[in-house]
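Engineer: Sequence first, then the predicted structure:
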Amino acid sequence: MKKLILPLTLILVFFFNQNLLSQPTLLTIAEAIEDLDSDFVPDRLGDTVIVQGVIFSPNYQTTNNSFYLYDGTAGTDIFMFGPPVFTWVLGDSLTVTGVVTHFSGMTEIVVLDSASWGFNSSGNPTPDPIVITLAQYKADPELYEGSLVGFVGLSKVSGTWPASGSVNLSLSDGVDTVVFRVDSDTDIDGQTEPTWPQDVLGIGSQFDNSAPYDAGYQVFPRYYATDFLPAGTIPVELTSFTAIAQNKGVLLKWTTATELNNSGFEVERKQENSSWSKITFLQGNGTTSSQKEYSYFDGNLASGKYLYRLKQIDFDGSFEYSNIIEADVNVLSKFELSQNYPNPFNPYTVITYSLPKAGYVSLKSL
C-alpha cells in the first residue's frame, strides 16, 4: 500500500501544476499579439489571455461581434460568435478573456462566451491616429495591424463608392496605392461620395488565406464623419524629438511623418527656474506627406541641465508646442590626465586626457 502513495501524490501535484500553468494571464495587447520571430503568426497562438482596453471601432459584424480594442501599447480585433451581439460604443473600457488566433493573416483574440467580456467604464479617450505615408504603411504593414492610422491627401483610383454593401477602394497618394475596405456594417456605405483628395483614417488589417501570410494588407475605415476628411485636415505629425549632449552642447533631432502648411520650427531652450527663449528658427516643408528630418546643434553651453521644446508655426501664424525634452551638459573646467593602461606595456599603451578647451597637445616620455 505504501508503494502507491508516492506515485499518486506525484500525479496530483502534476495535474495541479498543469492547471496553474493553463490559467489565463493579464497581458498588454502588444504582448498578447507579439510576433518576435517575424513569421507572420503570433507567438502566443492558441494561448488564453486577458487584455484590457478601450473600444475604438464599430462592430464589423451583423450577427457576431468584432470590435477593435486599444490599450496604449497596441490594438487588436476582439471577436465572438453571436448571439448575443453586444452594443459597445466608442470609449467603452473592457476587460476580455480570449484565445489568441490567426484568421486569414490577421491576429485576433476570440472570446468564447459572453461571460468573458467585462465592462469597466464609458467615455474613455480613444487613440489618436498614427499619421504615416502609404510608403511607410506598405514597408511594414504588420507593424500597423490593429492600429488606427491616418494618411494625407489620398485620391480614389479604382472601385465604386458603395450605395450599399461592402466594397474595396484603391486609394493613392500619387505614388503608392493601398486597398481600403469599406464594410457594410459601418455607416459609410450609402453616404455621399466625398470630393477627392481626402485625408483618410482607418484600422490596419489583412485578408490572406495562405502561408506565409505576408500579403492582402488593407485598411478598414470606421465612420464616415471622422475617417474621411477634406485634404489638409491632418496637421503636422511629429514622430520623434531627441536631445543628445555632446561637445559642450546639445544635438537636437526631430522627424515629421507629414506636414500641413508648416512655416517652420522655433527651437526654444530654458534652464530650471528660468524662462523659455528662442534660440533659432528652422524652415519647414510646407505641405508634404513624406517623412522629413531636422537637426540643430546648440553649442558653447555651460554645464547644467537644459530643457528644449519646439514651437511649430503654420503660415497663418497659428502654432503648437511639442513635448519638452532635456539634456545634461557636463563641460570640463580643468586639465585631467589619467594613468596609462596597461602598465607595464608592450608594444602599446593608452593615455586618456581631457582639456577645458581645444588646443595643441604634446606628450613626452622622460
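Structural biologist: Noted; the coordinates are in hand. Numbering: from 1, shown residues only.
Engineer: which ones are touching P197?
Structural biologist: P197 makes contact with G153, L154, S155, A231 under the criterion Cβ atoms under 8 Å, 6 or more residues apart in numbering. To be clear about C-beta, it is placed using only N, CA and C from the backbone, and glycine gets the same treatment.
Engineer: Which among those count as buried?
Structural biologist: Restricting the contacts of P197 to buried positions leaves G153, L154, A231, with burial counted as 16 or more other Cβ atoms under 10 Å.
Engineer: Could you export those to TSV, including columns for secondary structure, pLDDT and distance to W161?
Structural biologist: As requested, the buried ones among the contacts of P197 are exported to TSV (DSSP: H, G, I helix; E, B strand; the rest coil; pLDDT from 0 to 100; distance: Cβ to Cβ, whole Å):
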residue	secondary structure	pLDDT	distance to W161
G153	strand	88	18
L154	strand	94	14
A231	coil	83	17
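Engineer: can you give me the helices in the stretch 1-150 of the chain?
Structural biologist: With DSSP state H, counting those that start in this stretch applied, the stretch 1-150 of the chain shows helices at 2-21, 29-33, 134-139, listed in chain order.
Engineer: which ones are touching L94?
Structural biologist: Q52, G53, V54, I55, L69, I78, W88, W117, G118, F119, N120.
Engineer: For the nearest residue to the last one once chain neighbours are set aside, give the beta-bridge partners.
Structural biologist: The one in question is N120. For N120, the nearest residue in space outside its immediate sequence neighbours is S93; the separation is 4.0 Å by Cβ to Cβ, 6 or more residues apart in numbering. Each beta-bridge partner of S93 is listed here: V54, S121, as defined by DSSP bridges.
Engineer: Surely A257 touches I132?
Structural biologist: Yes. If you go by Cβ atoms under 8 Å, A257 and I132 touch, sitting 5.3 Å apart.
Engineer: picking up where we left off before, any idea which of the contacts of P197 is closest to D43?
Structural biologist: If you rank those by distance to D43 using Cβ to Cβ, L154 comes first, at 33.5 Å.
Engineer: Of the contacts of L94, which count as buried by neighbour count?
Structural biologist: Buried positions within the contacts of L94, assessed by neighbour count (16+ other Cβ under 10 Å), are Q52, G53, V54, I55, L69, I78, W88, W117.
Engineer: thinking again about what came up before, let me have the contacts of P197 in a markdown table, adding distance to F220 as columns.
Structural biologist: As requested, the contacts of P197 are exported to a markdown table (distance: Cβ to Cβ, whole Å):
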| residue | distance to F220 |
| --- | --- |
| G153 | 20 |
| L154 | 15 |
| S155 | 19 |
| A231 | 21 |
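Engineer: start to end distance for stretch 292-306?
Structural biologist: Terminal residues of stretch 292-306 lie 25 Å apart, using Cα to Cα, to the nearest Å.
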